[in-house]
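Visitor: Predicted model follows, preceded by the sequence.
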Amino acid sequence: MEADLTPASGEAYRRLSLWWDGLPGPLRIRPALDGDIEVDVAVVGGGLTGLWTAYYLSEADPGLSIAVVERDVAGFGASGRNGGWCSALFSVSEATLDHRCGPGSGRSQRLAMQATVREVGRVVADEGIDCGFHQGGTVVLARTPAQLARTHHEITEARSRGVGEDDLAFLGPEEARDRIGATGVLGGTYTPHCAAVDPARLVRGLADVVERRGVRLFEQTAATSLDPGVVTTERGTVRARTVVRATEGYTRTLAGRGRDVVPVYSLMIATEPLPASFWSGHGLAGRETFADHRHLVIYGQRTEDDRLAFGGRGAPYHFGSAIRPGYDRDDGVHEALRRTLVELFPELSGTAVTHRWGGPLGITRDWFSSVGMDPATRMAWAGGYVGDGLSTTNLAGRTLRDLIVGDATGLTALPWVNHRSRTWELEPFRYLGINAGLRLAGAADRAEERAGRETWHARLLGRLVGG
């Protein structure tokens with residue numbers, strides 16, 4: 001039996017993340033489905049994937065009847081709790097795409113992702129969604145010799161694929177420190193193809209927009225199974241010509257879907273607002289998002305109100321793909337994030353951490369995001385974003401629009417379209433394998449710090465996670 005995922009009241013949702021805590025006004029919970037309905041398109045999942053799909057479909061054909069059913073409230077999952085990176089990152093590399101899908105596939109996907117960052121900015125501006133969207137780019141630091149070697153390799157690989165300085169620039173030590181005044185900086189990279197955003201304001205604002213367009217959005221309505229033409233929920237049946245699965249990390253709650261996408265937790269912290277004296281010495285003047293080249297991923301941004309919002313992996317995968325409210329907070333992981341932030345910026349040692357949160361993101365067995373539709377059954381899907389979904393959801397929504405209305409476009413020809421990932425192993429094998437991978441990532445970082453170079457840990461990790 002799945003644990004209750006729902007906070008007790010509207011105001012309790014503010015504890016979900018820094019972003020939810022900052023939403024203006026009282027939090028509205030929309031009515032649940034009340035009985036059976038019939039529509040043209042049924043979308044299961046009220047996060048960014050589902051809402052972008054509804055947005056672009058309602059734009060393409062205002063006559064379509066569209067219903068979105070959400071087991072909790074719009075933006076409850078990763079869409080409202082993530083790191084706020086609207087980036088051009090895709091879950092697998094260009095080289096992997098070229099190898100699996102044919103030469104040029106990686107370039108096509110990269111250009112589509114870069115255009116997606118601009119498209120999100122356009123919609124936010126056109127629809128008046130106040131979410132702090134600011135395209136300041138991303139800096140990825142190199143802080144050990146092994147990380148610097150990976151940085152040089154990334155630049156060499158990029159240049160061999162025609163990626164120029166304007167899209168990915170190498171930063172020497174001084175240039176990198178000017179961008180981000182962290183400790184131990186040896187170099188880094190900068191790309192302009194990322195915007196910092198408040199994800200909860202984005203997803204909740206988008207929900208309001210699609211409602212105004214006539215999309216019916218039912219919250220507190222848990223879907224239990226999806227079949228061709230039918231969505232079965234605890235509150236009624238939705239019949240539709242097209243059914244879209246947009247459930248990401250919560251896919252395992254659907255009948256027969258327990259091994260399609262696993263939920264892996266990523267956790268975050270946020271500081272109190274920091275004074276001008278801190279920012280004058282530590283950069284991020286353009287609100288660049290930032291990370292470094294360690295294996296156990298970290299990510300951060302300077303928020304609109306001058307906090308540092310900072311997150312990373314490291315939380316364990318829970319047996320049986322379990323999802324529980326208690327897993328959103330892990331004292332050990334949150335403390336490790338605080339220590340890492342102070343390691344980067346020692347001046348923060350006495351700074352208050354005002355928010356701690358987390359939540360599940362979705363990972364497929366081959367770490368390959370996908371979008372698609374079976375034309376025979378008209379069952380469509382998107383997801384498995386591996387933590388890079390804030391922008392990829394928009395590309396998914398536009399692609400699903402084209403697939404559903406039957407238009408063959410450049411989007412429907414992208415290499416991720418109709419990719420099928422194999423299912424995850426049965427337990428306890430996936431529990432053992434995923435958590436071993438997490439430990440291996442941490443071990444690889446520690447070994448590199450000691451050795452000053454890449455070790456066997458990193459090479460093994462690369463083979464396990466692929467491109």
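Guide: Yes, it's here.
Visitor: doesn't Glu347 fall inside a helix?
Guide: Yes - the assignment for Glu347 by DSSP: H, G, I helix; E, B strand; the rest coil puts it in a helix.
Visitor: Point out where this structure drops to low pLDDT.
Guide: By pLDDT under 70, the low-scoring segments of the chain are 1-9, 455-467.
Visitor: mind running it again at 90?
Guide: The chain contains residues with pLDDT under 90 at 1-12, 25-26, 28, 295, 313-314, 437-467.
Visitor: Tell me where this structure has helices.
Guide: For the chain, applying DSSP state H gives helices covering 18-21, 48-60, 94-101, 105-127, 145-160, 173-179, 199-212, 276-282, 331-344, 389-405, 429-451, 456-465.
Visitor: Pipe those into JSON lines and attach distance to Ala255 and mean neighbour count per row.
Guide: For every residue, glycine as well, the C-beta is placed using N, CA and C. Formatted as JSON lines, these follow (distance: least, C-beta to C-beta, whole Å; neighbours: other C-beta atoms under 10 Å):
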{"stretch": "helix 18-21", "distance to Ala255": "29", "mean neighbour count": "24"}
{"stretch": "helix 48-60", "distance to Ala255": "19", "mean neighbour count": "27"}
{"stretch": "helix 94-101", "distance to Ala255": "30", "mean neighbour count": "18"}
{"stretch": "helix 105-127", "distance to Ala255": "32", "mean neighbour count": "18"}
{"stretch": "helix 145-160", "distance to Ala255": "42", "mean neighbour count": "16"}
{"stretch": "helix 173-179", "distance to Ala255": "48", "mean neighbour count": "17"}
{"stretch": "helix 199-212", "distance to Ala255": "26", "mean neighbour count": "23"}
{"stretch": "helix 276-282", "distance to Ala255": "50", "mean neighbour count": "13"}
{"stretch": "helix 331-344", "distance to Ala255": "31", "mean neighbour count": "17"}
{"stretch": "helix 389-405", "distance to Ala255": "22", "mean neighbour count": "26"}
{"stretch": "helix 429-451", "distance to Ala255": "19", "mean neighbour count": "16"}
{"stretch": "helix 456-465", "distance to Ala255": "29", "mean neighbour count": "14"}
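Visitor: do you know which of those helices lies nearest Gly314?
Guide: Minimum separation from Gly314 across the helices of the chain (C-beta to C-beta) falls at helix 331-344, 5.1 Å.
Visitor: now the helices of the chain in a markdown table, with distance to Arg71?
Guide: Output for those, formatted as a markdown table (distance: least, C-beta to C-beta, whole Å):
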| stretch | distance to Arg71 |
| --- | --- |
| helix 18-21 | 17 |
| helix 48-60 | 11 |
| helix 94-101 | 33 |
| helix 105-127 | 25 |
| helix 145-160 | 39 |
| helix 173-179 | 41 |
| helix 199-212 | 15 |
| helix 276-282 | 40 |
| helix 331-344 | 25 |
| helix 389-405 | 17 |
| helix 429-451 | 23 |
| helix 456-465 | 29 |
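Visitor: of these, which approaches Phe319 most closely?
Guide: Between Phe319 and those, the shortest separation by C-beta to C-beta is 4.8 Å, and it involves helix 429-451.
Visitor: quick check: angle from that closest one to helix 145-160?
Guide: Helix 429-451 runs at 110 degrees relative to helix 145-160, counting by axes from the mean of the first three to the mean of the last three C-alpha atoms, to 10 degrees.
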